[in-house]
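Colleague: Just need the structure, nothing else, for what follows:
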Amino acid sequence: MKLRGLLKCAIYSSVLALTLASVGCWNPFDPGPGPPPNHGDGDRRSPDHLLEFFATAYEDKSIERYTECLDDSYSFTFMEEDYEKAGVSSDKPYWGSTEDLDQTTTMFIDERTGTILFDFGLAVTNWDTCTDNIWVDDDEGGHWAMVDALCCTHEPVIDVTVNTAGEEPKTYQVRSSRIEITVIEDRFNPQLWRILRIEEYKK
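Modeller: Numbering: from 1, shown residues only. From the prediction side, this is the model:
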């Protein structure tokens, strides 16, 4: 069975779920019963450690650890060619944290999701300083605020094994598009870091 179309950007729940769906063997948005996610110790004390923590959350299929990686204002922006499959449009070409977490939970608990091996594709991450907007809740209902951030680009790779009833498990190597990742200090603990934005681009 051949992969079709979406063998890219699959280290993130949004596109990994779409990629696995494109295999044609199963639908990650309609999960069956599955084992609870593994839990483990993690480290978000630097941007590099955050990326390692994020990768490990995928490999362990731990939605709790994955949730810790995302800021409340997190968004994943798709390439235009993926809008239809992701259910987004040019007016809002992204998933926020709620949509992303819903899809990731569905994928992690599905018994057909096998092993996930994750590689960001770079031995060393070069971080650039940048600024971005976050939504801040307050007594007046909230407001947007500029924050200092760090940005980097990666071309991540993932190997995912799909378990299909009556067949031997199949492992697919999924190469992503280029992505830009924006991280900020954790709002509740400035010694930790969270992911604010992931934007997908063609290589």
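Colleague: Would you mind giving the secondary structure of Pro190?
Modeller: Following DSSP: H, G, I helix; E, B strand; the rest coil, the label given to Pro190 is coil.
Colleague: same question, Leu51
Modeller: At Leu51 the chain is in helix, as set by three-state DSSP.
Colleague: Please tell me how far the closest residue to it other than its chain neighbours sits from Asp128.
Modeller: With sequence-adjacent residues excluded and distances taken as CB to CB, 6 or more residues apart in numbering, Leu51 is closest to Phe120, at 5.8 Å. Backbone N, C-alpha and C define where each C-beta goes, glycine included. Phe120 sits 16 Å away from Asp128, going by CB to CB, to the nearest Å.
Colleague: neighbour count winner among the two?
Modeller: More crowded of Phe120 and Asp128, by other CB atoms under 10 Å: Phe120, with 21 against 11.
Colleague: which helices and strands does the top strand by length along the chain pack with?
Modeller: The longest strand of the chain (DSSP state E) is strand 143-154. Helices and strands touching strand 143-154, by 3 or more CB pairs under 8 Å, 6 or more residues apart in numbering; DSSP states H and E, are strand 128-136, strand 178-185.
Colleague: These: which one's closest to Arg112?
Modeller: Among these, the nearest to Arg112 by CB to CB is strand 178-185 (25.5 Å).
Colleague: got the angle between the following helix or strand past the closest one and strand 143-154?
Modeller: Counting by DSSP states H and E, the element after strand 178-185 in chain order, helix or strand, is strand 193-201. Computed with axes from the mean of the first three to the mean of the last three CA atoms, to 10 degrees, the direction of strand 193-201 lies at 70 degrees from that of strand 143-154.
Colleague: avg pLDDT for strand 193-201?
Modeller: With pLDDT averaged residue by residue, strand 193-201 scores 94.
Colleague: any idea how far that strand is from the chain center?
Modeller: Its chain's average C-alpha position is 9 Å from that of strand 193-201, according to CA atoms, centre = their mean, to the nearest Å.
Colleague: For it, name the packing helices and strands.
Modeller: On a contact count with 3+ CB pairs under 8 Å, 6+ apart, strand 193-201 meets helix 47-60, helix 63-69, strand 70-77, strand 128-136, strand 178-185.
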